[in-house]
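1. pasting the structure only:
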Ligand code: ARG
């Protein structure tokens with residue numbers, strides 16, 4: 001760019017230009033860059049810093065550049081360093097000399113900070129909408145299978161029977177925390193940096209409140225040095241996205257396990273499964289596997305920016321343009337994963353014969369037998385020991401609890417009576433009638449609460465994002 005090389009005699013080295021250009025990735029900021037520039041120009045005119053006519057010429061020019069970009073007619077020239085320079089240069093070609101007034105009272109440092117904030121705000125809105133849809137898919141799978149029982153696991157060992165709906169609502173809770181985290185991140189992203197200039201503020205009588213209003217920000221950055229050097233909001237988005245991907249990867253892992261022959265709890269819809277090029281019998285859970293894999297790159301993007309920002313002196317440093325690629329990749333990865341998971345989860349078929357069989361095997365009622373003895377007057381520790389011995393006896397005899405006779409029970413404790421037969425999978429689940437427990441009554445309430453939470457009119461203070 002000739003005007004930013006004003007003090008130099010030499011042209012820039014070709015490799016150096018290519019190396020430092022952010023245009024190959026930051027072109028994605030163009031809708032925000034143009035929105036920001038139009039608001040800036042309106043403000044300049046309102047304040048009498050440029051004339052109304054000049055503002056109109058510039059605004060019209062910017063609007064036609066937006067059209068060129070949208071229609072793929074814009075010519076990207078690598079030597080233009082970044083999207084901000086590319087748009088300004090094109091404006092010069094379109095409207096001539098007056099284009100030079102656009103950058104009055106502005107630096108690329110506060111400009112790029114603005115673009116990034118607008119971009120992340122939009123990304124948060126989209127992420128929240130996708131999260132809501134995905135939560136709805138979890139709810140509908142839970143509702144369709146309201147009475148299905150599965151073994152609940154700890155250490156991946158069968159532990160106690162639980163309702164599948166309860167298990168699915170555990171995921172609902174995780175994604176609800178993600179919703180809250182993205183809403184929280186929005187608060188610190190929703191800050192308008194224009195007016196900070198290169199770092200120290202600008203010398204013109206700008207109206208920052210007006211800019212914030214035009215661009216839909218609820219706050220104005222209180223310190224110009226911080227405003228041009230802060231990328232916390234990008235890191236926060238990356239951290240919230242990492243947690244969300246972690247949750248998706250845990251679900252992915254269970255989908256992989258559960259759709260496999262050993263568990264065989266669920267059948268994936270063919271639309272979300274892949275065949276093997278070699279083994280004709282295979283139906284692979286590739287979508288879930290790819291999501292499990294992609295989680296790593298989202299963590300990587302987070303760490304990469306944390307390291308980029310580490311020990312950077314104030315204020316803006318060019319290192320910071322490395323914030324973009326990773327952010328874009330994180331957003332694309334998270335949104336596509338949420339989207340494909342919504343469809344995959346909605347179409348899962350539960351193999352009830354298998355879940356039922358699994359839930360009635362493996363001494364899952366051992367805790368309930370101990371609780372039975374406690375109700376008959378034993379202490380829990382004692383009861384635990386008795387049932388442990390009962391389990392090892394049953395294992396040795398290769399019998400389930402149901403196959404043991406009353407006298408076999410009684411040989412372990414006189415407290416066992418005829419009513420021990422009423423300890424069943426259904427009674428075990430119904431007994432956990434505590435807030436947050438797996439009893440059908442509680443799960444019904446939790447489902448109703450979850451459904452209310454994903455209703456679009458819930459917490460509708462900030463209409464677009466759904467955050468309060
Ligand atoms: N491409 C730059 C970035 O993404 C824009 C800001 C450049 N500012 C500067 N003083 N060179 O960070």
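-> Arrived safely, thanks for sending. What you are looking at is a predicted structure, and each value in this text was computed from that prediction instead of being measured.
2. shaky segments in this structure?
-> Along the chain, the parts satisfying pLDDT under 70 run over 1-3, 457-466.
3. helix or strand right after the longest helix anywhere in the chain?
-> Secondary structure of the chain per DSSP state H: the longest helix is helix 108-144. Going down the chain from helix 108-144, the next helix or strand is strand 149-154, by DSSP states H and E.
4. so which residues make contact with that following strand?
-> For strand 149-154, the external contacting residues (C-beta atoms under 8 Å, 6 or more residues apart in numbering) are 158-164, 167, 265, 355-356, 358-359, 361-362, 364, 425-426, 429, 438. The way it works is simple: take the backbone N, C-alpha and C, and place the C-beta from them, glycine included.
5. that one pairs with which strands?
-> In the sheet, strand 149-154 lines up against strand 157-163 (antiparallel) (DSSP bridges).
6. now the strand it pairs with, how far from the centre of its chain.
-> 28 Å (C-alpha atoms, centre = their mean, to the nearest Å).
7. and the angle from it to helix 108-144?
-> 80 degrees (axes from the mean of the first three to the mean of the last three C-alpha atoms, to 10 degrees).
8. could you point out which element follows strand 157-163?
-> helix 164-189.
9. mind giving me the packing neighbours of that following helix?
-> helix 108-144, strand 149-154, helix 232-259, helix 440-454 (3 or more C-beta pairs under 8 Å, 6 or more residues apart in numbering; DSSP states H and E).
10. show me what counts as buried in the second one.
-> What that stands for is strand 149-154. Judged by neighbour count using 16 or more other C-beta atoms under 10 Å, the buried positions of strand 149-154 are 149-152.
11. same list (the residues you listed) but as JSON lines, adding distance to residue 64.
-> Shown next, in JSON lines, are these (distance: C-beta to C-beta, whole Å):
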{"residue": "149", "distance to residue 64": "63"}
{"residue": "150", "distance to residue 64": "59"}
{"residue": "151", "distance to residue 64": "63"}
{"residue": "152", "distance to residue 64": "61"}
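12. redo those residues as a markdown table? Include distance to the ligand.
-> Formatted as a markdown table, these follow (distance: C-beta to the nearest ligand atom, whole Å):
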| residue | distance to the ligand |
| --- | --- |
| 149 | 54 |
| 150 | 49 |
| 151 | 52 |
| 152 | 49 |
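13. which two among those residues are spaced furthest apart?
-> The largest separation in the buried residues of strand 149-154, counting by C-beta to C-beta, is between 149 and 152 at 9.4 Å.
14. can I get the buried part of the contacts of strand 149-154 as one ChimeraX selection?
-> A single ChimeraX command selects the buried members of the contacts of strand 149-154 (16+ other C-beta under 10 Å):
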select :158,159,160,161,162,163,164,167,265,355,358,359,364,425,429,438
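15. contacts for stretch 9-16?
-> Counting by C-beta under 8 Å, 6+ apart, 5, 79 sit against stretch 9-16.
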